[in-house]
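J.: attaching a predicted model along with its sequence, questions to come.
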Amino acid sequence: NAGVTQTPKFQVLKTGQSMTLQCAQDMNHNSMYWYRQDPGMGLRLIYYSASEGTTDKGEVPNGYNVSRLNKREFSLRLESAAPSQTSVYFCASSPGWADTQYFGPGTRLTVL
Amino acid sequence: AQTVTQSQPEMSVQEAETVTLSCTYDTSESDYYLFWYKQPPSRQMILVIRQEAYKQQNATENRFSVNFQKAAKSFSLKISDSQLGDAAMYFCAYRTSPQAAGNKLTFGGGTRVLVKP
């Protein structure tokens, strides 16, 4: 039982490049989330998926898109990366809508 | 919108001693959840403890306990018998009630805990 896994662990992009961050969970959780953490700050919600087939914007969705591929996987895409998107990205999941969230190990993204 | 404030950027504690981290929040809701998460250097976010607002009894998990003061909107974390492995960033987080739209966590800015041997 790996919990929540994220790939890649590190990534460096140039401004304007695109990439997709992958997240998968093997706990049969219904809800999944994407957060970003900037230096010295707490996490901020980018997008979430309350259940398979649904996605909604969080606090800071601009510049991102998401796909809930199936119950296990929830990807985050940067179409045209900007230096302001340099951050650590965390994926999380929870059994249900109102349950405690469990986090992945994070992806450190640098945009030059 | 809810806000969460952690006023202590860094706290230092001697091994085996006790340290208390403060957290205050602002909300107009009566039903909500509060959490403390630990983030060690590995960056993984680990749930330490959670508190339901409707429960008057303070939550406890082994050496970790909270002091929940609903009227004062205060939610402090006490770490007893501190161990070297407790060194990490600690984040206080607020979550809206299940009936509200979304299961969104709002985080405070974090408190770094240093443990001295």
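T.: Okay, I see it. Model, not experiment: these values are computed from the prediction.
J.: which strands border the helix or strand encompassing B:Val66, and is each parallel or antiparallel?
T.: Assigned by DSSP states H and E, B:Val66 falls within strand B:64-69. When sheet partners are counted by DSSP bridges, strand B:64-69 sits next to strand B:60-61 (antiparallel), strand B:74-79 (antiparallel).
J.: mind putting those into TSV with mean pLDDT?
T.: Putting the strands paired with strand B:64-69 into TSV (pLDDT from 0 to 100) gives the following:
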stretch	mean pLDDT
strand B:60-61	90
strand B:74-79	97
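J.: for B:Arg43, which of the ones you listed is the nearest?
T.: strand B:74-79 (19.7 Å; CB to CB). Where you see a C-beta, it was placed from the backbone N, CA and C, and this is true even at glycine.
J.: chain center to that closest one, what's the gap?
T.: When distances are taken as CA atoms, centre = their mean, to the nearest Å, strand B:74-79 is centred 6 Å away from the chain's centroid.
J.: equivalent analysis for stretch B:59-70, please.
T.: In terms of CA atoms, centre = their mean, the centre of stretch B:59-70 is set 9 Å apart from its chain centre.
J.: what stretches of chain A score poorly on pLDDT?
T.: Within chain A, the stretches with pLDDT under 70 are A:1, A:97-98.
J.: how about it: which residue is closest to chain B?
T.: Residue nearest to chain B within chain A: A:Gly42 (2.9 Å; CB to the nearest CB).
J.: hmm, that residue is touching B:Val4, no?
T.: Yes: with contact defined as CB atoms under 8 Å, A:Gly42 and B:Val4 form a contacting pair (7.4 Å).
J.: intersection of neighbour lists for those two?
T.: B:Ala93, B:Phe107, B:Gly108 (CB atoms under 8 Å, 6 or more residues apart in numbering or on different chains).
J.: okay, the last one: pLDDT?
T.: Per-residue confidence (pLDDT) for B:Gly108: 93.
J.: contacting residues for it?
T.: B:Gly108 makes contact with A:Gly42, B:Val4, B:Thr5, B:Gln6, B:Cys23, B:Tyr25, B:Phe91, B:Cys92, B:Ala93, according to CB under 8 Å, 6+ apart.
J.: now swap in the first one and tell me
T.: Taking CB under 8 Å, 6+ apart as the criterion, B:Ala93 is in contact with A:Gly42, B:Val4, B:Leu34, B:Phe35, B:Trp36, B:Tyr37, B:Leu105, B:Thr106, B:Phe107, B:Gly108.
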